[in-house]
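> structure here, sequence nowhere to be found:
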């Protein structure tokens, strides 16, 4: 696979939901976890090993290795880029606010060595220099450039089908129109009232089309899941064109994982969000398809143009490239015009709806691709736009959620008599809403009641091991996963939390080989 740097031109574009999912590219492993497993389940249902969160050190190493591999740069260069990109991320909103109408965009230079800021006055250039960036004096500010690009969407000519996309390029201070002919591009510019010198034309045979995977059996109804939000998850709008009420399924079990609450494909947006179905719960991680590992997501701060960008998807797995440009108006045909960000990361059919990540920050939802792994070019829906539109909150790896855990005969996990002393064996009891039944799920895999951890007594692993309350000590015997099948699994023993002898109220909790019995099924309420 070869992904080129931002200065390169590319060749073929298409929506990546599902068209042709047969080819598998990137650093995939034979035992890679499903992206749905890593992104949507409260915890993995299989091996205890894949349930344990990767350390930040190993996670950083995985991301760094992918950047070095796909961007064809050295480890030292990658580290320097990451540091510069973080500075750019912090600088962009500050300078935009301070400079106001004098601000004309920020980007990282093609060689990855400096932050460049477009400004319209010499006075503004001094402010940029003082902030540690390189100023470039230009004619038009960012607001003006964006208005010009918007005019193309609002005044589309009759032959708009031959125009692939358009965007603001802050480096040239112009609107760029990409079309299959100069004639089509000029028609779009004329219809929008753009004058010579305010736009550039790029001719390409690329055809951007929806890539719904009609083959079936994909990770998420023919697509890929992006990020969990509270109460559900995000994916691409073209993966859920049926709209509200559409059922989405997961490859993990073949069953339903969510029900679409809202979706939009066109009018600037390609996104959908679905409510969790049954016992499914999302975690703030994105799989990188490396032996079941993943990247912890800690927020959604937006990266600067020129920053590296990595994508997780069912088909091409974990691939990286550069963020080439923002706010690109992409024409998918049939009236579907979407405002996306463009990268040089590889994506193919089946990747649609997947996650774009910059370090530990969520960036966007996979939308389109040129379907050419020799000249990779892909597009994503910015995630913050979607979160704001539907007033959703991203689930992150640092979040702690609290709920009651209900099970056999609708009883809840309970600390007998609210006695929180070490060694107290847990039981099931009529759900009563007391602190003795409030279970908090922590990012480290522990389940806690009143600040103490659920624990396998003496770290035993045999059938009948008591489930007790203990001071948290970091041992793997205190790590549990609740999967979509309703199994509450102790990671150390790889056994299920079980109501002893199928007991009713007051029944004691133990670990037992997972059997699928009703006395081993749990859900959050």
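Noted; the coordinates are in hand. Source: prediction; values computed, not measured.

> contacts and neighbour counts: CA atoms only from here.
Noted.

> go ahead and confirm residue 167 touches residue 153.
No. Between residue 167 and residue 153 there is no contact under CA atoms under 8 Å: 10.7 Å.

> list residues touching both of these two?
residue 329 (CA atoms under 8 Å, 6 or more residues apart in numbering).

> so for these two, which residue has more residues nearby?
Between residue 167 and residue 153, counted using other CA atoms under 10 Å, the more crowded position is residue 167 (27 against 23).

> quick check, the more buried one in a strand?
Yes. Assessed by DSSP: H, G, I helix; E, B strand; the rest coil, residue 167 belongs to a strand.

> ok so residue 73 is a strand residue?
No. Secondary structure of residue 73 (three-state DSSP): coil, not part of a strand.

> OK, contacts around it?
residue 67.

> distance of residue 436 relative to residue 478?
Distance from residue 436 to residue 478, counting by CA to CA, to the nearest Å: 18 Å.

> which of these two has more neighbours?
Remark: of residue 436 and residue 478, residue 478 carries more neighbours, 27 against 20, as counted by other CA under 10 Å.

> wait, isn't the more buried one in contact with residue 452?
No. Using CA under 8 Å, residue 478 is not in contact with residue 452; the gap is 10.0 Å.

> overlap in contacts of these two?
Counting by CA under 8 Å, 6+ apart, the shared contacts of residue 478 and residue 452 are residue 472.

> okay, and the beta partners of residue 318?
residue 312 (DSSP bridges).

> per-residue pLDDT, it?
As predicted, residue 318 sits at a pLDDT of 90.

> straight-line length of stretch 342-349, end to end?
Termini of stretch 342-349 sit 17 Å apart (CA to CA).

> cool, stretch 495-504 as well?
Between the opening and closing residues of stretch 495-504 there is a gap of 21 Å (CA to CA).

> list the contacts of the residue nearest the centre of the chain.
For the chain, residue 355 is the residue whose C-alpha lies nearest the centre (CA atoms, centre = their mean; 3.3 Å). Listed by CA under 8 Å, 6+ apart, the contact set of residue 355 reads 225-227, 286, 311-313, 362-366.

> ok, now with 7 Å
The contact partners of residue 355, by CA atoms under 7 Å, 6 or more residues apart in numbering, come to 226-227, 311-313, 364-366.

> same deal with residue 189?
With CA under 7 Å, 6+ apart, residue 189 has these contacts: residue 152.

> all helices for the stretch 151-300 of the chain, in order.
For the stretch 151-300 of the chain, the helices defined by DSSP state H, counting those that start in this stretch occupy 182-191.

> make TSV from the contacts of residue 355 and add distance to residue 410, neighbour count and pLDDT to it.
TSV is the format used below for the contacts of residue 355 (distance: CA to CA, whole Å; neighbours: other CA atoms under 10 Å; pLDDT from 0 to 100):
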residue	distance to residue 410	neighbour count	pLDDT
226	33	34	93
227	31	31	90
311	41	30	93
312	38	30	92
313	38	34	91
364	39	31	96
365	38	34	96
366	40	37	95
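
> what segments of the stretch 51-200 of the chain are strands?
For the stretch 51-200 of the chain, strands defined by DSSP state E, counting those that start in this stretch occupy the ranges 103-108, 115-119, 134-137, 163-169, 174-179, 199-203.

> care to break this protein down by domain?
Per the record, the chain has its domains at 14-72+208-389, 76-137, 401-524, by automatic domain parsing.

> so of these, which one's packed in deepest?
For these, the largest average neighbour count (mean count of other CA atoms under 10 Å) is found in domain 14-72+208-389, namely a mean of 24.

> from the chain's centroid, how far away is it?
On the basis of CA atoms, centre = their mean, to the nearest Å, domain 14-72+208-389 is displaced by 6 Å from the centre of the chain it belongs to.

> check stretch 170-189 too.
With CA atoms, centre = their mean, you get 31 Å for stretch 170-189.

> go through that stretch and flag the buried ones.
Judged by neighbour count using 16 or more other CA atoms under 10 Å, the buried positions of stretch 170-189 are 170-171, 173-180, 182, 184-189.

> quick revisit: I'd like the contacts of residue 355 as JSON lines, with distance to residue 391 appended.
Formatted as JSON lines, these follow (distance: CA to CA, whole Å):
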{"residue": "226", "distance to residue 391": "17"}
{"residue": "227", "distance to residue 391": "15"}
{"residue": "311", "distance to residue 391": "24"}
{"residue": "312", "distance to residue 391": "24"}
{"residue": "313", "distance to residue 391": "25"}
{"residue": "364", "distance to residue 391": "16"}
{"residue": "365", "distance to residue 391": "17"}
{"residue": "366", "distance to residue 391": "20"}
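
> just those residues now: which is nearest residue 145?
The closest of the contacts of residue 355 to residue 145 turns out to be residue 364 (CA to CA; 22.8 Å).

> okay, and the closest one sits in which element?
Taking DSSP states H and E as the criterion, residue 364 maps to strand 361-369.
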